[in-house]
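Participant: kindly return the folded structure for what I paste below:
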Amino acid sequence: MDSAVLRLIFSRLYSLVRLYNPVTMHRLRSSALMGLAATVSNLSVDLLRFLKVAVRSRSSLVAENLFLRKQLAFCQEREVKPRRLTDAARIALVFWSCCLRGNRR
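Facilitator: Now for the predicted structure:
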C-alpha cells in the first residue's frame, strides 16, 4: 500500500478513537459507515465511467482530451484553485498509479 493511503486510514482511525464517547458512538459509527458507503459508491461510478471510456472510439477520446486540455489551460490562466480530492478520488489515483507503475518497468 502507498504511504498516503496508510496515512489517510490511520488519520481516520485516530479521529474516531479520539472522538470516542459512548453517548455519541452510535452517531459516529453510522456517519463512518455512510462515509464508507459514499466512497464505495464513488469508486463504482468511476469504474463504470472507465468501462464506458474503454469502448469509445479513438476520435471521441481525442476530442475529449483536446477539450480537457483547453479547460486546464483556462483554469491555469485564471488561477482557479482546484477542489479538494475526495477519498474515492485518492483511492482511485493510488490504484491507477500502482497499475501504471507496473507497466513502465
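Participant: could you list the low-pLDDT ranges of this structure?
Facilitator: Along the chain, the model assigns pLDDT under 70 to residues 1-2, 5-6, 8-30, 100, 102-105.
Participant: so where's the longest helix in it?
Facilitator: The longest helix of the chain (DSSP state H) is helix 25-54.
Participant: which strands and helices sit next to that one?
Facilitator: Counting contacts by 3 or more CB pairs under 8 Å, 6 or more residues apart in numbering; DSSP states H and E, helix 25-54 is packed against helix 3-18, helix 87-104. C-beta: built from backbone N, CA, C; applies to glycine.
Participant: next, the angle from it to helix 87-104.
Facilitator: 40 degrees (axes from the mean of the first three to the mean of the last three CA atoms, to 10 degrees).
Participant: in helix 25-54, which residues are buried?
Facilitator: Of the residues in helix 25-54, 39, 42-43, 46 count as buried by neighbour count, 16 or more other CB atoms under 10 Å.
Participant: got it, and stretch 79-99?
Facilitator: Result for stretch 79-99 [16+ other CB under 10 Å]: buried residues 87-88, 90-92, 94.
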